[in-house]
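Novice: Build me a model:
(2 chains)
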Amino acid sequence: MIKRIITIAKKEVILIWRDKLSMIILIALPAVIIAILGGVLSFGLEDSKFYLLDYDNSTASKEFAQNLDISSEFDFAGYLSTESELESLLKNGEAKIAIILHKGFEKDILSNNSRVDVFVDASDLLFSLAVEQRIKLSLSKSNLLNYSYEFNPELKNEVRSVPGLIMIVLIIISSVMLSLSVNRERERGTSRLLILTPISIDGIIIGKSVPYIFIALLHSLSVLFVSKWIYGIELQGAGFNYFAMCMLFIINSICFGLLIAAWVKSEVELLIGCWLFLFIPNVFFSSFIYPIETMAEVTRSIASFLPSTLFLDSYKNVLFRNAQASSTYFNFLILFAQSVIIYLFAKVGFAKNFGRK
Amino acid sequence: MKDNEIVIAKGLTKYYGKFAAVNNVSFCAYRGEILGILGENGAGKTTLIKMLSGVIIPNEGSATVCGYNIIDECYKVRESIGYMSQTVSLLENMTVKENLFFYGAIYKMERGEVERKYAEFKNKFAFDKFENKLTAELTNGWRRLLAFAIAVLNSPSVLFLDEPSGGLDALSRIDLWEHIYNISHLGTTVIISSHYMNEIVLCDRQLVMKDGQIETIR
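Specialist: Take a look at the predicted model:
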């Protein structure tokens, strides 16, 4: 059995190597996704203009404006003279952030009793949340607010985007590319010839999956190094846990990819299946874009058990929080159980559509 | 089972919904013979061959191939047979040599044995001109020859050929039949399906199928 699995895996490596498009997707796409989407999905602010209505006109209020201005997130746009001017700029969309510093601001800082009014255009919710975070961080640095950002004190955007992007990369490699390869074999008829040989369906599936597992693992390790060298994000938990988490998520994704490939009848159906059952749930219903806590209760309970949610939670536990092993291992257990169940369903599909009838 | 009966089918029946693709088919094939199955399209030839290869499970009846039951011992059956389908399905992005070595490994053949077979095939099928060419670049005739070489690679006791000469020109057909005779002389039973009468008369015995049933065996 092992010998035959290795033979199938070797064949798959040769076919990947000779199919230039597959090679480009498998080797270069992850880097492209992280580079391009990493920039788009930064969830951060860059030179957002803010207006200041400074009733205090003191050294402290000027320092406050200066501190915000020198940060890369904010850019001082100008002083306002009245609250009606502030309101009109917000209404016309000319200003998205406006801050009021009240009379006595400087004095209040000394007595630890200061008040800052911030107006943000919340028609863009993600933007307003990002502004809130950054203003709070800035106020905390100026000792105007006691707000602690644990595990990501500098509010690095990469802490949010990198886990989600590696999740997308692993899904593309393990699910989409593998299922496309399985479907290609069916369309070209090579699977028909293979099932007439003494190798079992399990042997064919495992053999085909092995190269994709290795490539996906390689990418998850490279992301770990990129995170350290480029973004300065150090692995806080055990290396074994990181490896186990990636391995389990890759196997889980492979099982989902196989499930789709086993039940569809053409490449178009396969791509629609991947989009509907892999991308949409894993990207939009995991905590990658919208926090699970903000979802409706029904959606939340489903989203909590999505493989991507479990992966992202484990990723944060292992990489940033160095959380207790028990919470991480619980996620691992669910990922493993899901993989077994999905594999069994995939096997039924393969037996029905590829195997003995 | 008599000593020389290598394929025994008893009442094989396969339904697709209410339609009986193969209906109560019984026959036997003897060691080293070439048995031709003649029938129009849809007569049930391919379904019968697939049942005997252990790919399709019959609804009724039973069969043994090389002494192995096609239902319970399908992997044993597959180890002892060779199969060439009507549509040639090769690994397109692999060379002739790689295709043969791949299937050799799947059949758990020793590398030395595959190399010996390959050297034999190079002479027999003139593969030396194409050994490093990708299968996708071969002509239909060469592709069929390669598919035939794969089917006989593991020296099968029974070789199933499902319309093997479809799309071949006259010269390539003669060439293919020479190889079929050669393998039969070595003791392999060849069961070949076709809808060409002039091809089936080349077989030792003929089995004529119509509407899923055997019409005559001679």
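Novice: where does the closest residue to A:L193 other than its chain neighbours land in three-state SS?
Specialist: Taking CB to CB, 6 or more residues apart in numbering or on different chains, and ignoring the residues beside it in sequence, A:L193 has B:S89 as its nearest neighbour in space, at 4.8 Å. Using the backbone N, CA and C atoms, a C-beta is placed for each residue, glycine as well. Under DSSP: H, G, I helix; E, B strand; the rest coil, B:S89 falls in the coil class.
Novice: Ramachandran angles for B:S89?
Specialist: Recorded main-chain torsions at B:S89 are phi -120, psi 100, according to degrees, to the nearest 10.
Novice: That one: what's it in contact with?
Specialist: By CB atoms under 8 Å, 6 or more residues apart in numbering or on different chains, the contact set of B:S89 is A:188-190, A:192-193, B:147.
Novice: What parts of chain B come near chain A?
Specialist: Proximity of chain B to chain A (CB under 8 Å from any CB of the partner chain) is limited to residues B:53-57, B:74-75, B:78-79, B:81, B:83, B:85, B:87-94, B:98, B:102-103, B:105-108, B:134, B:150.
Novice: I'd guess A:I254 is in a helix, am I close?
Specialist: Yes: counting by three-state DSSP, one finds A:I254 located in a helix.
Novice: Keeping just the C-alphas, turn the least confident helix or strand in chain B by mean pLDDT into PDB.
Specialist: Within chain B, judged by mean pLDDT, DSSP states H and E, the helix or strand with the poorest mean is helix B:197-200; its value is a mean of 84. As requested, the backbone C-alpha atoms of helix B:197-200 are provided in PDB (Å, rounded to 0.1, in the frame of the first residue of the first chain):
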ATOM      1  CA  MET B 197     -17.500  -8.700 -37.700                       C
ATOM      2  CA  ASN B 198     -14.200  -8.900 -39.700                       C
ATOM      3  CA  GLU B 199     -12.300  -8.400 -36.500                       C
ATOM      4  CA  ILE B 200     -14.200 -10.900 -34.400                       C
END
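Novice: which outside residues touch that helix?
Specialist: Where contact means CB under 8 Å, 6+ apart, the residues beyond helix B:197-200 that reach it are B:36-38, B:165, B:173, B:177, B:192, B:194, B:206.
Novice: Turn the residues you listed into a markdown table, including pLDDT and neighbour count.
Specialist: Converted to a markdown table, the contacts of helix B:197-200 look like this (pLDDT from 0 to 100; neighbours: other CB atoms under 10 Å in any protein chain shown):
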| residue | pLDDT | neighbour count |
| --- | --- | --- |
| B:G36 | 92 | 23 |
| B:I37 | 92 | 29 |
| B:L38 | 90 | 23 |
| B:S165 | 81 | 22 |
| B:R173 | 84 | 18 |
| B:W177 | 88 | 17 |
| B:I192 | 93 | 26 |
| B:S194 | 87 | 22 |
| B:Q206 | 90 | 17 |
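Novice: In helices, which of the residues you listed fall?
Specialist: B:173, B:177 (DSSP state H).
Novice: Now, the contacts of helix B:197-200 that are in strands?
Specialist: Filtering the contacts of helix B:197-200 for membership in strands, criterion DSSP state E, returns B:36-38, B:192, B:194, B:206.
Novice: for the chain, which spans come out with low pLDDT?
Specialist: With no chain named, the answer covers chain A. A:37-45, A:110, A:112, A:141-150, A:153-155, A:157-158, A:323, A:355-357 (pLDDT under 70).
Novice: my bad, chain B
Specialist: By pLDDT under 70, the weakly predicted segments of chain B are B:1-3.
Novice: which residues does the closest residue to chain B within the stretch 201-350 of chain A contact?
Specialist: Sorted by distance to chain B under CB to the nearest CB, the residues of the stretch 201-350 of chain A start with A:G203, at 9.0 Å. Each residue near A:G203 by CB under 8 Å, 6+ apart is listed here: A:1, A:4-5, A:8.
Novice: just to revisit the earlier point, among the contacts of B:S89, which are in helices?
Specialist: With helices identified by DSSP H, the entries of the contacts of B:S89 that belong to them are A:188, A:190, A:192-193, B:147.
Novice: how many other residues sit next to the residue of the stretch 151-300 of chain A found nearest chain B?
Specialist: For the stretch 151-300 of chain A, the residue positioned closest to chain B under CB to the nearest CB is A:G189, at a distance of 3.1 Å. Here the number of neighbours of A:G189 (other CB atoms under 10 Å in any protein chain shown) works out to 14.
Novice: That one - nearest residue in space that isn't next to it in sequence?
Specialist: Going by CB to CB, 6+ apart, A:G189 has B:S89 as its nearest residue, at 3.1 Å.
Novice: And for B:G167?
Specialist: Nearest residue to B:G167, sequence neighbours excluded (CB to CB, 6+ apart): B:N140, at 5.4 Å.
Novice: Need the contact partners of stretch A:271-278.
Specialist: Under CB under 8 Å, 6+ apart, the answer for stretch A:271-278 is A:171, A:175-176, A:179, A:253, A:256-257, A:260, A:263-264.
Novice: For burial, what's the neighbour tally of A:N67?
Specialist: By other CB under 10 Å, neighbour count at A:N67 equals 14.
Novice: Make sure I have this right: it is in a helix.
Specialist: Yes: secondary structure of A:N67, determined by three-state DSSP: located in a helix.
Novice: Looks like it contacts A:S138 (just checking).
Specialist: Yes: contact criterion CB atoms under 8 Å: A:N67 and A:S138 qualify, at 6.4 Å.
Novice: Strands of chain A, residue ranges please.
Specialist: A:48-54, A:74-79, A:97-101, A:116-120.
Novice: before we move on, back to that, OK, contacts around the residue nearest to B:G167?
Specialist: With CB under 8 Å, 6+ apart, B:N140 has these contacts: B:88, B:167-168.
Novice: ok, and the most crowded of these?
Specialist: The member of the contacts of B:N140 surrounded by the most neighbours (other CB under 10 Å) is B:V88, with 22 neighbours in all.
Novice: Quick check: that one touching B:F148?
Specialist: No: in this structure, B:V88 sits apart from B:F148 without contact. The criterion is CB under 8 Å, and the distance is 9.4 Å.
Novice: Report the set of residues contacting both of the two.
Specialist: Contacts common to B:V88 and B:F148, judged by CB under 8 Å, 6+ apart, are absent.
Novice: So what does the residue nearest to A:K228 when sequence neighbours are not counted have for phi and psi?
Specialist: Leaving aside its sequence neighbours, A:K228 sits nearest to A:E234 (CB to CB, 6+ apart; 6.0 Å). Here is the backbone geometry of A:E234 (degrees, to the nearest 10): phi -90, psi 150.
Novice: likewise A:V264?
Specialist: The phi and psi torsions at A:V264 (degrees, to the nearest 10) take the values phi -90, psi 170.
Novice: rewinding a little: would you turn the ones in helices among the contacts of B:S89 into CSV with distance to B:N23?
Specialist: Converted to CSV, the ones in helices among the contacts of B:S89 look like this (distance: CB to CB, whole Å):
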residue, distance to B:N23
A:R188, 32
A:T190, 31
A:R192, 24
A:L193, 28
B:A147, 30
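Novice: Switch the residues you listed over to CSV, and while doing so, append distance to A:V118 and neighbour count to every line.
Specialist: Rendered in CSV, the data for those read as follows (distance: CB to CB, whole Å; neighbours: other CB atoms under 10 Å in any protein chain shown):
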residue, distance to A:V118, neighbour count
A:R188, 61, 17
A:T190, 63, 19
A:R192, 66, 17
A:L193, 68, 23
B:A147, 74, 21
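Novice: does B:I150 sit in a helix, a strand or a coil?
Specialist: Secondary structure of B:I150, per three-state DSSP, is helix.
Novice: Also B:K10?
Specialist: B:K10 is classified as strand under three-state DSSP.
Novice: Which residues are in contact with it?
Specialist: With contact taken as CB under 8 Å, 6+ apart, B:K10 is in contact with B:26, B:61-63.
Novice: tell me which of the contacts of stretch A:271-278 is nearest to B:A20?
Specialist: Taking CB to CB as the measure, B:A20 lies nearest A:W263 of these, at 27.5 Å.
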